[in-house]
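In: can't give you the sequence, but here's the structure:
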């Protein structure tokens with residue numbers, strides 16, 4: 001950044017202390033900042049995993065202060081040592097491969113006597129890289145599935161793998177350093193791998209292996225064979241001497257280390273050896289031998305992975321070949337290799353043994369805090385050490401399980417070592433200690449007497465909060481169908497409940513997390529997309545009605561919303577207005593990192609829209625009129641407000657998608673002020689206001705791109721749609737419902753027809769790629785082809 005990030009600054013303490021409520025607080029970022037400003041805070045959250053995080057972020061740092069850091073570190077180091085001892089037999093550090101000995105000799109060509117001092121076993125491993133392998137259903141050959149041949153694509157250092165066919169039963173995978181520059185075709189080939197869009201290619205017969213066959217082998221149901229995980233590369237570290245510009249060895253010249261050789265780390269990739277495979281086999285045997293012991297202590301997450309939107313359908317039914325159940329992962333412990341699971345169980349067993357000693361030494365409250373942070377160290381290991389991780393070759397690191405908000409199947413994944421100088425547990429502990437120290441420092445500005453209440457329950461039923469007692473509700477609501485929080489949280493819940501159940505009474509009593517009360521649009525839970533929309537609107541309406549109940553008459557509610565789909569906006573707004581709120585101000589605030597995997601290449605909004613609401617007066621106002629004499633109707637007011645907003649947004653340099661989202665807020669402000677609104681005898685829904693905003697924005701983009709020479713009505717339907725979509729989304733894909741809503745705002749009908757359009761029609765067609773290609777080869781078609789694919 002070149003400057004401190006905003007959250008690190010100490011905010012001035014608020015002059016007036018408010019009671020601030022977040023009804024869906026998640027991990028507690030909004031309550032955290034409210035505490036820093038000196039307010040009293042009520043933090044409500046349905047999910048038990050997030051609720052425990054709130055205790056660790058909001059409560060314990062303020063209550064125990066700096067001294068707890070040493071307690072976490074001391075007990076954590078004991079746990080790390082315990083796990084390292086257990087995992088050392090299955091964590092070999094092998095002799096350097098020949099190519100690294102050759103590089104070392106070249107580096108020390110002026111000092112050959114030093115080669116033997118640095119040619120010992122590798123110092124550490126930063127990642128063990130696996131791919132999936134299946135049997136080809138066409139020829140029976142073994143088919144490794146890699147989504148890229150790259151291992152590292154960092155500046156100054158590139159590594160990749162070559163595949164060598166030895167026989168139908170074996171394909172060698174050889175890591176090598178990429179030297180020289182690559183042509184575009186070579187680079188594209190290296191990025192291609194042997195699997196694309198869920199379909200593999202057999203190296204032996206060159207036939208395609210479809211996704212259903214891969215999934216069938218993953219479930220062990222295919223007559224052709226079973227899928228298994230194959231270790232194919234290891235990212236390792238060695239040391240070598242630093243050299244001066246003249247090639248002499250650089251040494252320390254003063255202090256305790258005077259005369260010692262300065263060294264630096266060298267990261268390299270190698271193929272696995274027999275020792276590596278023997279260690280995997282030993283880990284599998286150890287896990288088998290200790291299974292009954294771990295199961296007797298209830299340490300293994302043997303719970304079923306439930307059918308869901310993110311997890312798929314039981315038995316492999318339904319769509320989505322990249323979901324766990326489709327691939328045969330029907331128990332939570334199956335998301336780990338044997339050695340990964342053995343490492344996590346060793347940590348759980350170590351913490352189980354330490355818990356009574358920690359509580360006896362520190363007392364119940366302080367001991368509970370330390371145990372919680374140590375469980376978080378385990379959780380972070382679970383996040384970064386599973387078959388759901390991804391090897392990120394652009395950075396040469398393991399991406400965590402939830403780098404995306406899903407359980408998407410990973411063709412290549414990484415494994416952490418759980419012993420040695422840079423072990424996974426040592427790293428996760430350091431991360432937790434650093435996070436605690438950082439939170440404690442940030443909370444120094446909070447009032448010591450600020451009241452904090454953490455509630456675990458539905459935001460639709462906050463019975464512990466008195467009526468008219470809250471000054472300000474601040475809420476970053478669940479984003480419609482964007483994230484299925486409870487489905488994802490089960491991944492951590494099944495581990496946490498085994499360590500924390502008795503420390504947090506009532507939080508971990510259920511088999512898995514509560515899916516039914518969660519305010520998300522989940523088609524799997526609710527039966528269909530339409531039912532999911534209705535259920536989301538119902539749950540949000542209940543929550544905002546409860547917020548209305550607990551807010552003071554002159555209180556305010558601030559909502560943050562980023563979801564770009566009109567469907568998400570419509571359901572949120574309908575719930576908001578129906579529960580008695582009026583939108584009185586909207587502010588676009590840049591809040592999402594442009595490189596985030598959650599929004600990258602998705603034409604997604606990078607800005608959040610802050611909606612400021614107050615309680616709508618219930619004094620029997622007459623309904624607003626959509627159209628009225630003299631241009632005073634709600635429709636015209638929306639046009640005026642959006643046009644005024646577009647001028648303001650220009651100065652903010654918002655992306656076109658963000659401009660569209662911000663304009664939705666303007667339109668809804670007008671609608672909510674006059675609610676209910678009628679067009680004749682028909683009620684006007686929020687989607688009508690959003691379409692009006694879309695029309696104004698479309699007009700704006702067309703005039704901007706044509707430098708004021710054209711309006712919407714000057715263009716044919718195809719041209720109007722093309723210019724508008726290009727202005728808003730550029731060349732990125734856009735969801736069908738977005739195209740449909742923009743088309744409606746322009747008075748254009750969307751239809752599925754490959755060709756046969758004329759310029760006079762007010763309709764526009766879309767076709768599949770295949771249908772479009774067939775139509776382009778036909779001489780019998782009169783008129784234009786469908787311009788959308």
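Out: Received it, and whenever you're ready, just let me know what you need. Model, not experiment: these values are computed from the prediction.
In: mind listing what residue 35 touches?
Out: The neighbours of residue 35, taking C-beta atoms under 8 Å, 6 or more residues apart in numbering as the test, are 41, 58, 62, 443, 446, 450, 452. To be clear about C-beta, it is placed using only N, CA and C from the backbone, and glycine gets the same treatment.
In: which of these sit farthest apart?
Out: 41 and 443 (11.7 Å; C-beta to C-beta).
In: tell me which of those two has more neighbours.
Out: Legend: neighbour count by other C-beta atoms under 10 Å for residue 41 and residue 443, higher for residue 41 (27 against 17).
In: name the surrounding residues that touch the helix or strand where that one lies.
Out: Per DSSP states H and E: residue 41 is located in strand 40-45. Contact with strand 40-45 is made by 17-26, 28, 31, 34-35, 51, 54, 58, 450-457, 459, 462, 465, 470, as judged by C-beta under 8 Å, 6+ apart.
In: can we see that at 6 Å?
Out: Residues from elsewhere that reach strand 40-45, judged by C-beta atoms under 6 Å, 6 or more residues apart in numbering: 19-23, 25, 28, 31, 34-35, 51, 54, 450-455, 459, 462, 465.
In: equivalent analysis for stretch 414-434, please.
Out: Residues outside stretch 414-434 that contact it (C-beta under 6 Å, 6+ apart) are 72-73, 76, 80, 83-84, 87-88, 91, 124-125, 127-129, 340, 343, 373, 376-377, 380-381, 385, 389, 391, 398.
In: from the chain's centroid, how far away is stretch 444-453?
Out: Remark: stretch 444-453 is offset 31 Å from the chain centroid, using C-alpha atoms, centre = their mean, to the nearest Å.
In: what's that stretch in contact with?
Out: Contact with stretch 444-453 is made by 10, 35-36, 38, 40-42, 58, as judged by C-beta under 6 Å, 6+ apart.
In: what mean pLDDT does that stretch get?
Out: Stretch 444-453 carries an average pLDDT of 84.
In: how close does the most far-flung residue of the chain relative to its centre get to residue 258?
Out: Distance from the C-alpha centroid of the chain peaks at residue 113, with 50.5 Å (C-alpha atoms, centre = their mean). For residue 113, the distance to residue 258 equals 21 Å [C-beta to C-beta, to the nearest Å].
In: narrow the contacts of stretch 414-434 to those in helices?
Out: Among those, the members found in helices (DSSP state H) are 72-73, 76, 80, 83-84, 87, 340, 343, 373, 376-377, 380-381.
In: save these as TSV, and put in neighbour count too.
Out: Formatted as TSV, those follow (neighbours: other C-beta atoms under 10 Å):
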residue	neighbour count
72	24
73	18
76	23
80	24
83	28
84	20
87	24
340	25
343	31
373	22
376	22
377	25
380	20
381	25
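In: can you put those residues in TSV and add pLDDT and distance to residue 582?
Out: Formatted as TSV, these follow (pLDDT from 0 to 100; distance: C-beta to C-beta, whole Å):
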residue	pLDDT	distance to residue 582
72	98	47
73	98	51
76	98	50
80	98	55
83	98	56
84	97	60
87	98	59
340	98	52
343	98	54
373	99	43
376	98	41
377	98	46
380	98	43
381	98	48
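In: now, the most widely separated pair of those residues?
Out: 73 and 340 (25.0 Å).
In: helix or strand with the lowest mean pLDDT in this structure?
Out: Lowest on mean pLDDT, DSSP states H and E among the helices and strands of the chain sits helix 769-776, with a mean of 50.
In: quick one on the thing from earlier: now the contacts of residue 35: which count as buried?
Out: Burial by neighbour count, judged by 16 or more other C-beta atoms under 10 Å, picks out 41, 58, 62, 443, 446, 450, 452 from the contacts of residue 35.
In: got the contact list for the third one?
Out: It stands for residue 62. residue 443.
In: contact partners for residue 699?
Out: residue 712.
In: roughly how far apart are it and residue 705?
Out: As judged by C-beta to C-beta, residue 699 and residue 705 stand 11 Å apart.
In: what's the answer for residue 436, then?
Out: From residue 436 over to residue 705 the distance is 51 Å, taken as C-beta to C-beta.
In: pick out whichever of the two has more residues nearby.
Out: Neighbour comparison, residue 436 and residue 705: the larger count goes to residue 436, with 23 against 14 (by other C-beta under 10 Å).
In: tell me where the stretch 651-789 of the chain has helices.
Out: 656-673, 686-705, 717-729, 736-745, 769-776 (DSSP state H, counting those that start in this stretch).
In: same check on the stretch 201-350 of the chain?
Out: Under DSSP H, counting those that start in this stretch, the stretch 201-350 of the chain gives helices at 211-218, 274-296, 338-362.
In: report all helices and strands that the last one contacts.
Out: With contacts taken as 3 or more C-beta pairs under 6 Å, 6 or more residues apart in numbering; DSSP states H and E, helix 338-362 sits against helix 67-87, helix 274-296, helix 364-384.
In: repeat that for 10 Å
Out: Helix 338-362 is packed against helix 67-87, helix 274-296, helix 364-384, strand 412-415, helix 424-442, helix 485-500, with contacts defined by 3 or more C-beta pairs under 10 Å, 6 or more residues apart in numbering; DSSP states H and E.
In: now do the buried residues in that helix.
Out: Neighbour-count burial for helix 338-362 flags 338-351, 354-355, 358-359, 362 (criterion: 16+ other C-beta under 10 Å).
In: next one: the first one
Out: Using 16+ other C-beta under 10 Å as the test for burial, helix 211-218 gives 211, 213-218.
In: okay, the residues you listed in JSON lines with distance to residue 193 and pLDDT next?
Out: As requested, the buried residues of helix 211-218 are exported to JSON lines (distance: C-beta to C-beta, whole Å; pLDDT from 0 to 100):
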{"residue": "211", "distance to residue 193": "15", "pLDDT": "92"}
{"residue": "213", "distance to residue 193": "18", "pLDDT": "95"}
{"residue": "214", "distance to residue 193": "14", "pLDDT": "94"}
{"residue": "215", "distance to residue 193": "18", "pLDDT": "92"}
{"residue": "216", "distance to residue 193": "21", "pLDDT": "94"}
{"residue": "217", "distance to residue 193": "18", "pLDDT": "94"}
{"residue": "218", "distance to residue 193": "18", "pLDDT": "93"}
